[in-house]
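Colleague: structure for the following, please:
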Amino acid sequence: MSTFSATRMTSEQFLAMGEDPPGLKLELAHGEILMRSSPSRGHSLVVFALVELLSPYIRREGLGALYGDTGTVLDDWNTRRPDLIFVSRSQARIVGEIVLTGAPELCVEVISAGTERIDREEKFALYEERGVKNYWIFDPRARIAEAYVLKRGAYVLAASAGGKRIVRFPPFPKLDINLGMVWPAK
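Modeller: Residues are numbered from 1 along each chain as shown. Coordinates of the predicted model:
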């Protein structure tokens, strides 16, 4: 990911810029615009597999809503775009016309080439600090998925699994996630 802005800007200024340029994904991190290219095929396949799994369950159980790649304003200097975002019914107030404003129940990041440090360190720390209750990280190359839960202000590893295992990750204790169906074919 490359830094794009020459001067620090607020989330409000960043959102006033409008839509991303074609083929680029922009985020605001600590007041600086970050840009990266569109995700890889493997990344997209994992995201779509998770949508196919999570969306019907969330709707059927009436739990809230699932969003993909939506601007999420976490504070005045950080507007990130998690790969998937779950907003529970009780959090409906954070859903705006264009962006989410506040910490959602769950952020999901799928690691791509060049994003591992960002997803495992920068976003991990930011989501933790801003009160995102659950954070999932999916690594398609290693074929490992991890679920973290916020407890007393810090993330604790709630579950980790790889390969083709079937897991249950918070905040969905009744949903079986078949990892064999999530990873792209080799």
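
Colleague: how about Ala159: what's its closest non-neighbour residue?
Modeller: For Ala159, the nearest residue in space outside its immediate sequence neighbours is Ala147; the separation is 4.6 Å by Cβ to Cβ, 6 or more residues apart in numbering. To be clear about C-beta, it is placed using only N, CA and C from the backbone, and glycine gets the same treatment.

Colleague: now do the contacts for the closest residue to His30 other than its chain neighbours.
Modeller: In space, not counting the residues next to it along the chain, His30 is nearest to Trp77; the distance is 5.4 Å by Cβ to Cβ, 6+ apart. Residues in contact with Trp77 (Cβ atoms under 8 Å, 6 or more residues apart in numbering) are Arg8, Thr10, Ser11, Leu28, Ala29, His30, Gly31.

Colleague: now do the first one, the pLDDT please.
Modeller: It refers to Arg8. At Arg8 the predicted local distance difference test score is 89.

Colleague: so how many other residues sit close to it?
Modeller: The burial metric for Arg8, expressed as a neighbour count using other Cβ atoms under 10 Å, is 12.

Colleague: is it true that it touches Glu32?
Modeller: Yes - with contacts defined as Cβ atoms under 8 Å, Arg8 counts as touching Glu32 at a distance of 6.5 Å.

Colleague: tell me the contacts of Ala103?
Modeller: Leu74, Ile94, Tyr127, Arg130, Gly131, Val132, Lys133.

Colleague: one more time with 6 Å
Modeller: With contacts taken as Cβ atoms under 6 Å, 6 or more residues apart in numbering, Ala103 has the following neighbours: Arg130, Gly131, Val132.

Colleague: out of the residues you listed, the closest to Phe138 would be?
Modeller: Here the nearest of the contacts of Ala103 to Phe138, counting by Cβ to Cβ, is Val132; it sits at 15.8 Å.
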